[in-house]
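Novice: no sequence on this one, just coordinates:
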């Protein structure tokens, strides 16, 4: 809340503007003389007054509006030096009222009542201190401000759909209170500091916080204040503190107390006892050792000691992380795609990478924790023939930077990358699934790869590297496959696959299930295995393709003499144990099953 001191708080708008050209020292001298010769005793040169209650009238008596002001320090009876402004919802001043005289009751917590002409009809037992026939408050939205007639105002209350500008210290940068219901008033809460005493701590400059809807209780200046000052324990808060974690071995803190008046402070570090510390802040030069540290501060005033000290715990880390190059290109290899992954000895580290010809100084720039692939924006062309050095270094959360890790290799563009990538399915729907939507994500062991996907044997087609979602899936078995294609156009020769079954809801009770038209039974189908793994394979989730693709034909499989289950070509098994396995697949056409299923025996062996 801004306070107008000295000459700035005197007179009407014209008088204030007349003094605008005077130097500050002349205004201060004049203010002092004026107070000496004209101001009554116990009167202050500034106005510690806030808007306490706003009443916008009623539907039946719209002219019963009032604004109640309240003094939160004694001697604030010079209300004729202030101005009451009424603003509409768009921040336009609609009414301006300057009291013609001071009020006689200047005790702490006194109130001043400014009312419209219909006030006495609504509240016959209370007489307003001032009457303003222009006081027209809209319950849907607006604001009232005191005491200056030009922005910035000293104190404001806003409500409803008010859209005022930042020139209002309260509530210009904050939110209005809710619209005022018919017959109700908007009243400032006095609980944040002392719960029985209006004080500056009760003003957060946010009307939505400071004001609430209440039953109107207008009080004029002759009303004896019911508020009284009460002692309160201080509450302590830490404002500035070290980062967590940090590599700094010293620590500085700033803090404050509410209420701040006459507050002193006691601090302690780690297990030390509380001791008196400076008001506003303290510093521990150290050096403090690596590890966890704790700081506590509590305020003390005449009411006692803060029972809940403000506390902060942080860690000092002086150990730099060590980066490691995990994967890298073959040596030698062509320069059209050089992919690297790396790690740090400390979780959460950030990385900087450099790629330069041998004998050149490293030039570091930020790189992703997931890896780095060249060419990139800094090296847009394929790497030239010769010796290259990749360097990576890690920085931990505390800001410690470790020594770089390097990998050097020969780039030979006469060589061709003939190694296909390996594809992994990272996420997939459950099996069985009750949804007609299925989402997949996948990845490649070679950064920069593109992907092709296939659902239910419809043929591979390009799919996004971020994943793919299929919708409208019907009841029954489904099969998904995906293969990566690296930057050298090598395609994964063993696409990753996943087979699952969709089980949607059954027909509603009583709903007729259509029967197929009668027809002559077809001949028994014959099943053929069109694709299968080697008789000895390292693949623990092998994929099988089978036919024929005759319209209306479905398939069933069983593994290792288990029960036959529906499936679809291609079919990818779940993860198999090492050892011998047998799969059988049979075609089903019009309810007739192949009596001689196609069978294949194979063995899953461990990689050497």
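Specialist: Looks like it came in fine. Since the model is a prediction, treat every value here as computed from it, not as a measurement.

Novice: buried ones in stretch 410-420?
Specialist: 410-411, 417, 420 (16 or more other Cβ atoms under 10 Å). Every C-beta, even on glycine, is put in place using the N, C-alpha and C of the backbone.

Novice: neighbouring strands for the strand or helix carrying residue 276, and are they parallel or not?
Specialist: Assigned by DSSP states H and E, residue 276 falls within strand 275-277. Sheet neighbours of strand 275-277, with direction, are listed as strand 264-269 (antiparallel) (DSSP bridges).

Novice: rewinding a little: show me which of the buried residues of stretch 410-420 is closest to residue 593.
Specialist: Distance to residue 593, by Cβ to Cβ, is smallest for residue 420 among the buried residues of stretch 410-420, at 38.1 Å.

Novice: Where does pLDDT dip in the stretch 351-500 of the chain?
Specialist: By pLDDT under 70, the stretch 351-500 of the chain has no low-scoring segment.

Novice: my bad, should have said the chain
Specialist: 1-47, 147-153, 165-173, 193, 231, 506-522.

Novice: Tell me where it has helices.
Specialist: 13-18, 24-38, 119-122, 207-210 (DSSP state H).

Novice: Report the contact partners of residue 427.
Specialist: Residue 427 makes contact with 439-441, 467 under the criterion Cβ atoms under 8 Å, 6 or more residues apart in numbering.

Novice: Likewise for residue 316?
Specialist: Contacts of residue 316 by Cβ under 8 Å, 6+ apart are 245-249, 288-291, 293, 398.

Novice: cool, residue 252 as well?
Specialist: Here residue 252 is in contact with 240-242, 281-284 (Cβ under 8 Å, 6+ apart).

Novice: separation between it and residue 242?
Specialist: Going from residue 252 to residue 242 by Cβ to Cβ, to the nearest Å gives 7 Å.

Novice: what do you get for residue 133?
Specialist: 60 Å.

Novice: re the thing from before, could the contacts of residue 316 go into CSV alongside neighbour count and distance to residue 192?
Specialist: As requested, the contacts of residue 316 are arranged in CSV below (neighbours: other Cβ atoms under 10 Å; distance: Cβ to Cβ, whole Å):
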residue, neighbour count, distance to residue 192
245, 20, 35
246, 21, 34
247, 17, 39
248, 17, 35
249, 14, 39
288, 18, 36
289, 10, 41
290, 15, 41
291, 10, 39
293, 20, 32
398, 22, 38
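
Novice: which residues of the stretch 451-600 of the chain fall in strands?
Specialist: Under the criterion DSSP state E, counting those that start in this stretch, the stretch 451-600 of the chain contains strands at 461-463, 468-470, 476-485, 496-502, 528-531, 536-537, 543-547, 553-559, 565-567, 571-572, 579-589, 592-593, 598-604.

Novice: quick one, which of these is nearest to residue 384?
Specialist: Judging the strands of the stretch 451-600 of the chain by Cβ to Cβ, what sits closest to residue 384 is strand 476-485, at 25.1 Å.

Novice: want to throw the contacts of residue 252 into CSV with neighbour count?
Specialist: As requested, those are exported to CSV (neighbours: other Cβ atoms under 10 Å):
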residue, neighbour count
240, 9
241, 17
242, 19
281, 17
282, 18
283, 12
284, 17
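
Novice: ok, those residues vs residue 335, which is closest?
Specialist: For those, the nearest to residue 335 is residue 242 (46.0 Å; Cβ to Cβ).

Novice: close enough to count as contact, that closest one and residue 314?
Specialist: Yes - the pair residue 242 and residue 314 qualifies as a contact (Cβ atoms under 8 Å) at a distance of 5.3 Å.

Novice: what's the overlap in contacts for those two?
Specialist: In contact with both residue 242 and residue 314: residue 251, using Cβ under 8 Å, 6+ apart.

Novice: OK, contacts around residue 473?
Specialist: Neighbours of residue 473 in contact, by Cβ under 8 Å, 6+ apart: 435-438, 502.

Novice: Would you mind checking those residues for buried ones?
Specialist: So, by 16+ other Cβ under 10 Å, the buried ones in these are 438, 502.

Novice: Straight-line length of stretch 223-234, end to end?
Specialist: 31 Å (Cα to Cα, to the nearest Å).

Novice: What are the contacting residues of that stretch?
Specialist: Against stretch 223-234 from outside (Cβ under 8 Å, 6+ apart): 107-111, 190, 193-198, 257-259, 263, 299-307.

Novice: which non-adjacent residue is nearest residue 371?
Specialist: residue 341 (4.2 Å; Cβ to Cβ, 6 or more residues apart in numbering).

Novice: just residue 601 next, same as before
Specialist: Closest to residue 601 by Cβ to Cβ, 6+ apart is residue 582, at 4.7 Å.

Novice: quick one: the strands in the stretch 301-450 of the chain?
Specialist: 304-305, 310-316, 323-327, 338-344, 350-357, 365-367, 372-374, 386-395, 405-411, 423-427, 438-444, 450-455.

Novice: if we compare those, which one ends up closest to residue 125?
Specialist: strand 304-305 (41.8 Å).

Novice: Quickly run through the sheet partners of that closest one, with directions.
Specialist: strand 291-301 (antiparallel).

Novice: Pull out the buried residues from the strand it pairs with.
Specialist: Within strand 291-301, judged by 16+ other Cβ under 10 Å, the buried ones are 293, 295-301.

Novice: quick one: which of the contacts of residue 252 is nearest residue 374?
Specialist: The closest of the contacts of residue 252, once distances to residue 374 are taken by Cβ to Cβ, is residue 242, at 38.7 Å.

Novice: how about the closest one, what does it touch?
Specialist: 248, 251-252, 314.

Novice: how close does it sit to residue 201?
Specialist: Taking Cβ to Cβ, one finds residue 242 at 29 Å from residue 201.

Novice: Also residue 425?
Specialist: Counting by Cβ to Cβ - residue 425 and residue 201 are separated by 60 Å.

Novice: Ok, residue 551 next?
Specialist: 82 Å.

Novice: Who has more neighbours out of these two?
Specialist: residue 201 (17 against 5; other Cβ atoms under 10 Å).

Novice: so which of the strands of the stretch 301-450 of the chain gets nearest residue 380?
Specialist: Once the strands of the stretch 301-450 of the chain are compared by Cβ to Cβ, strand 372-374 is nearest, at 9.5 Å.

Novice: Buried residues, the closest one. List them.
Specialist: Those would be 372-374, for strand 372-374 by 16+ other Cβ under 10 Å.

Novice: I'd like those residues written out as a markdown table, with distance to residue 381 added.
Specialist: Below are these laid out as a markdown table (distance: Cβ to Cβ, whole Å):
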| residue | distance to residue 381 |
| --- | --- |
| 372 | 16 |
| 373 | 14 |
| 374 | 10 |
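
Novice: picking that back up, check contacts around the residue nearest to residue 371.
Specialist: 325-327, 370-371, 447.

Novice: same thing but at 6 Å, please
Specialist: For residue 341, the contact set (Cβ atoms under 6 Å, 6 or more residues apart in numbering) comprises 326-327, 371.

Novice: Filter these down to just the buried residues.
Specialist: Of the contacts of residue 341, these count as buried by 16+ other Cβ under 10 Å: residue 371.

Novice: Any chance of CSV for the contacts of residue 341, columns distance to residue 463?
Specialist: Output for the contacts of residue 341, formatted as CSV (distance: Cβ to Cβ, whole Å):
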residue, distance to residue 463
326, 27
327, 24
371, 21
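
Novice: What is the nearest of the contacts of residue 341 to residue 85?
Specialist: residue 371 (62.5 Å).

Novice: wait, doesn't that closest one sit right on residue 446?
Specialist: No - with contact taken as Cβ atoms under 6 Å, residue 371 and residue 446 are classed as non-touching, separated by 10.3 Å.

Novice: Select, out of the strands of the stretch 451-600 of the chain, the one closest to residue 122.
Specialist: strand 468-470 (64.2 Å).

Novice: Neighbouring strands of the closest one in the sheet, and parallel or not?
Specialist: In the sheet, strand 468-470 lines up with strand 438-444 (antiparallel) (DSSP bridges).

Novice: Is residue 432 in contact with residue 502, as I believe?
Specialist: No - counting by Cβ under 6 Å, residue 502 is not a contact partner of residue 432; they are 7.0 Å apart.
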